[in-house]
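Enquirer: Got a predicted structure plus its sequence, pasted below:
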Amino acid sequence: MAELKVYKLHFNSCLHISNSRSDYSISQKTIASDTMYAAITSCLAKLGEQIPDNGDLGFTISSLFPYYQKSKEDTIYFFPKPMAAKLPALDVKNNKKIKKIRYVDAGYFSLVSAGTDLETSPNLVKDIQSEYLCSDTIDKDFISTQVVQRIRLQDRTMHSDAEPYYVDRVSFKDYSGLYFIVEGDTTLLDKAMPLLAEEGIGTDRNVGNGYFECKTDKITISLPNEGADYCVCLSVYFPESEQQLKDMMTDENIAYDIQRRGGWITTYPYQRLRKNFIYGFSEGSVFKRKTNGIETIGRIVDLRPQWNEEQLHHIWRCGRSLILPINI
């Protein structure tokens with residue numbers, strides 16, 4: 001059994017998380033670990049805390065995943081479905097349901113990580129609730145989206161024609177929200193979170209988006225007792241070296257997705273500058289690696305672009321990932 005420390009974010013307002021194309025009409029429903037880490041680093045800088053030269057704040061976090069909470073108790077935490085998880089082949093109708101699964105609750109995650117054949121689970125089909133595999137009954141629409149129209153004024157004189165655009169806003173029902181797992185010294189994290197809760201996360205914070213309340217909790221989860229030959233990433237992962245990546249990809253059972261990480265600088269007066277970009281592995285990616293319990297792999301990179309002003313600070317992007325053992 002493993003005990004994981006988590007931070008729960010319950011949003012008091014709507015949320016918009018931009019995708020890689022910065023399309024306002026589509027919002028991500030979760031937040032990547034490197035995005036959250038950058039927001040925490042920014043808050044620490046505003047508080048006057050010294051940021052280490054290598055960008056390492058002393059802890060590693062997972063990406064933010066959904067949790068369902070109908071009342072003030074009984075939280076159901078969801079984990080990303082491991083990409084290499086072998087789910088049973090059923091009839092055509094139910095296979096479509098299985099393919100939609102993106103998140104599994106802690107109980108099913110333990111079964112998957114142990115390599116258990118889910119075909120023996122008598123309630124498997126009943127427990128598929130939209131993109132969630134959960135042994136408890138949930139409101140499958142506890143995360144909802146709504147597209148609203150906004151107006152962009154061309155200049156401050158308002159003489160130019162107004163331009164309409166659309167924003168996709170995410171909201172959470174009842175006490176539900178997003179959570180992340182943390183490993184390491186949380187001293188700096190605890191200093192940053194109150195300010196981040198007040199400033200909000202995501203885009204359109206100036207109109208009230210992204211504000212939240214934060215609480216800590218613990219998850220007890222069963223993992224393979226004697227370790228495993230594979231691992232599943234819970235964060236965005238940047239390999240430490242080419243050799244490390246080669247060693248982790250020498251197997252036909254691995255499965256992964258790659259995403260481009262970068263974006264615009266948000267610090268005044270550099271908002272017109274783009275960060276350098278890097279490609280990383282997504283949460284849920286499965287690699288060949290002997291793992292025993294929760295571990296940390298990966299590296300932190302500096303995405304500061306070429307610029308002729310010495311004032312431009314480092315643009316740290318954290319690609320250190322929490323990994324858990326999994327049997328295939």
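Expert: That came in fine, so what should we check first? Residues are numbered from 1 along each chain as shown.
Enquirer: so the residue nearest to I26 when sequence neighbours are not counted bridges to which residues?
Expert: Using C-beta to C-beta, 6 or more residues apart in numbering and skipping residues adjacent in sequence, the residue nearest I26 is D168, 5.3 Å away. Glycine gets a C-beta too; all of them are placed from N, C-alpha and C. Note on D168: beta-bridge partners V147, judged by DSSP bridges.
Enquirer: repeat for the one 4 residues further on
Expert: With DSSP bridges as the criterion, F172 is bridged to I143.
Enquirer: and the gap between the residue nearest the centre of the chain and L124?
Expert: Closest to where the C-alpha atoms of the chain average out (C-alpha atoms, centre = their mean) is S63, at 2.5 Å. For S63, the distance to L124 (C-beta to C-beta, to the nearest Å) stands at 26 Å.
Enquirer: same check, this time on M193
Expert: Separation of M193 from L124 (C-beta to C-beta): 38 Å.
Enquirer: quick revisit: for the residue nearest to the centre of the chain, give me its contacts.
Expert: Listed by C-beta atoms under 8 Å, 6 or more residues apart in numbering, the contact set of S63 reads 30-33, 36, 80, 180, 234-236, 283.
Enquirer: Please flag which of those residues sit within strands.
Expert: Within the contacts of S63, residues falling in strands by DSSP state E are 80, 180.
Enquirer: can you pick the most crowded of the contacts of S63?
Expert: In terms of neighbours by other C-beta atoms under 10 Å, these top out with S235 at 30 neighbours.
Enquirer: how close does that one sit to Y7?
Expert: Note on S235: its distance to Y7, by C-beta to C-beta, is 14 Å.
Enquirer: so where is the protein shaky, pLDDT-wise?
Expert: 19-25, 92, 153-160, 308-309 (pLDDT under 70).
Enquirer: that older thread, now the two most distant members of the contacts of S63.
Expert: Farthest pair in those (C-beta to C-beta) is M36 and P80. Separation: 15.1 Å.
Enquirer: the strands in the stretch 1-150 of the chain, which residues?
Expert: Remark: strands assigned in the stretch 1-150 of the chain by DSSP state E, counting those that start in this stretch are 2-11, 59-61, 65-68, 76-80, 103-105, 128-129, 132-133, 143-152.
Enquirer: The ones you listed: which one's closest to K173?
Expert: Among the strands of the stretch 1-150 of the chain, if distance is taken as C-beta to C-beta, the winner is strand 143-152, at 7.1 Å.
Enquirer: For that closest one, list every residue counted as buried.
Expert: Within strand 143-152, the residues scored as buried using 16 or more other C-beta atoms under 10 Å are I143.
Enquirer: Kindly report the same for stretch 129-138.
Expert: Taking 16+ other C-beta under 10 Å as the criterion, stretch 129-138 shows 129-135, 138 as buried.
Enquirer: and which of those residues is nearest to E163?
Expert: Top of the list for closeness to E163, among the buried residues of stretch 129-138 and by C-beta to C-beta, is E131 at 34.1 Å.
Enquirer: so who does that closest one touch?
Expert: Neighbour list for E131: 100-103, 140 [criterion: C-beta under 8 Å, 6+ apart].
Enquirer: rerun at 7 Å
Expert: Contact analysis of E131 by C-beta atoms under 7 Å, 6 or more residues apart in numbering lists 100-103.
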